[in-house]
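A.B. asks: return a 3D structure for these sequence lines:
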Amino acid sequence: MKKIGIFGGTFDPPHFGHLIMANEVLSALHLHEIWFMPNQNPPHKDSEEISDSLHRMHMLRLCTEKKPEFKVQSIEFERVGPSYTYDTVVLLKEQYPDCSFYFIIGADMIEYLPKWHNIDMLTELVQFVGVKREGYQTETDYPVCEVTAPIIEISSTMIRERFRQQQSADFLLPQEVIGYIEENHLYES
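C.D. replies: This is a model prediction of the structure:
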């Protein structure tokens, strides 16, 4: 069985915090690949505030192209309606029966697991991997494997705000992504 880490999110924009977290999980659990899977229509976010999916996909490709174990998975863009993890994982299991999946979440999301759509069935399909973060509890009744990663306090929200304020985002995300954001006038006020 090929061991695949699934890293979902809006990635608006993707940054070094995402890449470091993915790399730490890849290494700690001896996974074959990490698939970055941007959400189409996350049920917990206002879709009006999220950049176009093509921009987010392109930025992810720029971030991951130099690391062969990192792939971009567009399966959520091929569906309509809310992006429930359960529905996506069912599709992945059908399309990739020779893979076992490890679903990566930040420590901040562990406490929300009881609210996830079909969480009990989902835990039968994937192994959750919680990446520890300072200030968050990781105790849960659900099976979550924990991985420790360096604490990098970078957020996509902070980066978008920097671009709105015309401040530097150097060293927060890859230079190729900064160039893409500037070229396409993303996050301008």
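A.B. asks: could I get the buried residue list for the helix or strand containing residue 161?
C.D. replies: Here residue 161 sits within helix 156-164, counting by DSSP states H and E. The neighbour-count criterion (16 or more other CB atoms under 10 Å) identifies 156, 159, 160, 163 as the buried residues of helix 156-164. To be clear about C-beta, it is placed using only N, CA and C from the backbone, and glycine gets the same treatment.
A.B. asks: buried ones in stretch 122-134, by neighbour count?
C.D. replies: 122, 123, 125, 126, 127, 128, 129, 130, 131, 133.
A.B. asks: mind checking which of those are in strands?
C.D. replies: Using DSSP state E, the subset of the buried residues of stretch 122-134 located in strands is 127, 128, 129, 130, 131.
A.B. asks: determine which two of those residues are furthest apart.
C.D. replies: Between any two of these, the greatest separation by CB to CB is 13.4 Å, found for 127 and 131.
A.B. asks: what about residue 120, how many neighbours?
C.D. replies: 10 (other CB atoms under 10 Å).
A.B. asks: part of a helix, is it?
C.D. replies: Yes - using DSSP: H, G, I helix; E, B strand; the rest coil, the secondary structure at residue 120 is a helix.
A.B. asks: against residue 128, how distant is it?
C.D. replies: 12 Å (CB to CB, to the nearest Å).
A.B. asks: surely residue 3 touches residue 26?
C.D. replies: No - applying CB atoms under 8 Å as the test, residue 3 and residue 26 come out as separate, 9.5 Å apart.
A.B. asks: out of those two, which sits in the more crowded spot?
C.D. replies: Taking neighbours as other CB under 10 Å, residue 3 and residue 26 compare with residue 26 leading, 22 against 15.
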